[in-house]
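Engineer: only geometry, no sequence info:
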């Protein structure tokens, strides 16, 4: 290696110097782990510094915990402040002082913070995240405002929230700015800055369900499309929303809807890099026995977006219920639809149609690329997945006709899974004028005239008669 002490450039004409190479476990901007939020601290990175500034006119500012806690290796401590006065400003900055370290456009930049006095209904301060490069302002986003507050769905199990945005320009510094909305005392705690590098996921495999989760895919919970809307709903909530994009197949987000029937709970997941083509199935693995047993797809709407613009919506008349590779219990299913437009975001909406307490578990977003099955031979062929792109047609599956107490469709997904020994139940009680239906759709192929189509069934009362 050659180094020019004047220009800082490498050149064969420069004076030769000794180079000492040591190993380290830290991450640098180009080597950050893909699709994983990491703490921008001196435990993983190097030469980071933190500062705090206050607006002083008419404001009383106190530091309640060390500013250096922002960038030390302890992720459980925090930088804390207390301020009294209306319109007071408190700003924390975390800066990477290595000249070569500039985090590129497309990174997520934000902070892990406490939620106290920031939730809707009790907002004591607005919060803004900003990025800088070499001391010059680059861009920013208001993440908590007086009109929306901090969504409770963004809180983790400790009551903390990660707030920030996906950058469009490079940066070497992240700032968080609090601006008080009340004249009385306001306290805040900032734990550490957070960054995330996004990398595209692998292509979808034909007729195979894929959990769109991090770190395999560059997915985020879209906080602008997630939360409770409609009339005020006391007790309605979305908790642990980040679980819907975790790699675990057992944890889940929880949507709780109380007796209010005019409120809507929404949970949206966005792929930051990939646009999925027409013909892709988009849905959610969910569980809600009470909601689903009332009607197979009651109160569920799934919408797709592209670059923030609504593309399609599918509700009870058009949704599909697909056999889930994850969920098998009562009231558990994969619901979604096959897109007719491109999309990069999928949103689940739950409306409480029952007027009673309803809890829905949302496990993950599922994407599936459909491909035609093999050509039919001159023998019986089971229309099941993954050999065929077979899905349940929710609009034609369920109980219809007169009100029928005890009537039900159970384990409908068994009709399209690969096992030929399990089954679904159509249960009809003594009531008249009720019917139960199960409909199976091939997502790709239209079969020609002359093709036999039917079901393997067992019912001793009907067959005996």
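Structural biologist: Arrived safely. Treat the numbers as computed from the prediction; the structure is a model and nothing was measured. Residues are numbered from 1 along each chain as shown.
Engineer: Okay, residue 65 and residue 446: tell me how far apart.
Structural biologist: Distance, residue 65 to residue 446, using CB to CB, to the nearest Å: 66 Å. Every residue, glycine included, has its C-beta placed from N, CA and C.
Engineer: and residue 362, what does it touch?
Structural biologist: Contact partners of residue 362, counting by CB atoms under 8 Å, 6 or more residues apart in numbering, are 244, 252-255, 267, 284-286, 348.
Engineer: Out of those, name the ones that lie in strands.
Structural biologist: Applying DSSP state E to the contacts of residue 362, the entries found in strands are 253-255, 267, 284-286, 348.
Engineer: Residue 70: which of these is nearest?
Structural biologist: residue 253 (28.7 Å; CB to CB).
Engineer: contacting residues around that closest one?
Structural biologist: Applying CB under 8 Å, 6+ apart, the residues contacting residue 253 are 153, 238-244, 267, 361-362.
Engineer: Equivalent analysis for residue 369, please.
Structural biologist: Residue 369 sits next to 203-208, 279-281 when contact means CB under 8 Å, 6+ apart.
Engineer: again, but for residue 204
Structural biologist: By CB under 8 Å, 6+ apart, the contact set of residue 204 is 210, 276, 280, 367-369.
Engineer: now the strands for the stretch 151-300 of the chain?
Structural biologist: Per DSSP state E, counting those that start in this stretch, the stretch 151-300 of the chain carries strands over the ranges 160-166, 173-180, 185-196, 210-211, 219-221, 227-230, 237-239, 253-257, 263-271, 280-287, 300-306.
Engineer: Check those strands for me: which has the lowest mean pLDDT.
Structural biologist: Among the strands of the stretch 151-300 of the chain, strand 227-230 carries the lowest mean pLDDT, a mean of 82.
Engineer: quick one: it to chain centroid distance?
Structural biologist: 16 Å (CA atoms, centre = their mean, to the nearest Å).
Engineer: Check stretch 94-109 too.
Structural biologist: 25 Å.
Engineer: Buried residues, that stretch. List them.
Structural biologist: 94-96, 101-103, 106-109 (16 or more other CB atoms under 10 Å).
Engineer: Same check on stretch 53-67?
Structural biologist: Quick answer for stretch 53-67 (16+ other CB under 10 Å): 54-55, 59, 61, 67.
Engineer: Among those residues, name the ones in strands.
Structural biologist: 54, 61.
Engineer: Make JSON lines from the buried residues of stretch 53-67 and add pLDDT and distance to residue 423 to it.
Structural biologist: What follows is the buried residues of stretch 53-67, written out as JSON lines (pLDDT from 0 to 100; distance: CB to CB, whole Å):
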{"residue": "54", "pLDDT": "91", "distance to residue 423": "68"}
{"residue": "55", "pLDDT": "82", "distance to residue 423": "69"}
{"residue": "59", "pLDDT": "91", "distance to residue 423": "70"}
{"residue": "61", "pLDDT": "91", "distance to residue 423": "69"}
{"residue": "67", "pLDDT": "97", "distance to residue 423": "64"}
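Engineer: Farthest pair within the buried residues of stretch 53-67?
Structural biologist: 59 and 67 (17.4 Å).
Engineer: How about residue 89, nearest residue that isn't a chain neighbour?
Structural biologist: residue 55 (3.8 Å; CB to CB, 6 or more residues apart in numbering).
Engineer: Make sure the one you found is actually in contact with residue 177.
Structural biologist: No. In this structure residue 55 lies outside contact range of residue 177 using CB atoms under 8 Å: 10.2 Å.
Engineer: tell me, what's touching those two both at once?
Structural biologist: Listed as contacting both residue 55 and residue 177 by CB under 8 Å, 6+ apart are 89-90.
Engineer: burial measure for residue 241, as a count.
Structural biologist: 25 (other CB atoms under 10 Å).
Engineer: where does it land on pLDDT?
Structural biologist: pLDDT at residue 241 comes out at 91.
Engineer: isn't it right up against residue 268?
Structural biologist: No. Using CB under 8 Å, residue 241 makes no contact with residue 268, being 9.3 Å away.
Engineer: Residues in contact with both of the two, list them for me.
Structural biologist: In contact with both residue 241 and residue 268: 221, 226, using CB under 8 Å, 6+ apart.
Engineer: is it true that residue 129 lies in a strand?
Structural biologist: Yes. Residue 129: assigned to a strand according to DSSP: H, G, I helix; E, B strand; the rest coil.
Engineer: Next, count neighbours for residue 148.
Structural biologist: 14.
Engineer: Kindly report the same for residue 389.
Structural biologist: If you count neighbours by other CB under 10 Å, residue 389 ends up with 24.
Engineer: Bridged to residue 60, which residues?
Structural biologist: Listed beta-bridge partners, residue 60: residue 84 (assigned using DSSP bridges).
Engineer: can you tell me which residues contact it?
Structural biologist: By CB under 8 Å, 6+ apart, the contact set of residue 60 is 83-85.
Engineer: Include distance to residue 373 when you put the residues you listed into JSON lines, please.
Structural biologist: Listed next are those as JSON lines, based on distance: CB to CB, whole Å:
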{"residue": "83", "distance to residue 373": "65"}
{"residue": "84", "distance to residue 373": "69"}
{"residue": "85", "distance to residue 373": "69"}
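Engineer: ok, of those residues, which come out buried?
Structural biologist: Buried members of the contacts of residue 60, scored by 16+ other CB under 10 Å, are 83-85.
Engineer: Residue 277 against residue 342, yeah?
Structural biologist: Yes. Between residue 277 and residue 342 there is a contact under CB under 8 Å: 6.0 Å.
Engineer: Which one's more surrounded, these two?
Structural biologist: Neighbour count, other CB under 10 Å: between residue 277 and residue 342, residue 342 has more, with 15 against 12.
Engineer: is it true that the more buried one touches residue 311?
Structural biologist: Yes. Residue 342 lies in contact with residue 311 (CB under 8 Å); the separation is 7.2 Å.
Engineer: Flag the shaky bits of this protein, pLDDT-wise.
Structural biologist: 1-31, 121, 231, 260-261, 289-298, 322-332, 353-356, 431, 460, 462-465 (pLDDT under 70).
Engineer: Run through the helices of it in chain order.
Structural biologist: 289-294, 460-464 (DSSP state H).
Engineer: Distance to residue 220 added to the contacts of residue 362, as CSV?
Structural biologist: Listed next are the contacts of residue 362 as CSV, based on distance: CB to CB, whole Å:
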residue, distance to residue 220
244, 11
252, 17
253, 14
254, 19
255, 18
267, 12
284, 16
285, 18
286, 20
348, 15
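Engineer: Can I get the buried part of those as one ChimeraX selection?
Structural biologist: Command for ChimeraX that selects the buried part of the contacts of residue 362, burial taken from 16+ other CB under 10 Å:
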select :244,252,253,255,267,284,285,286,348
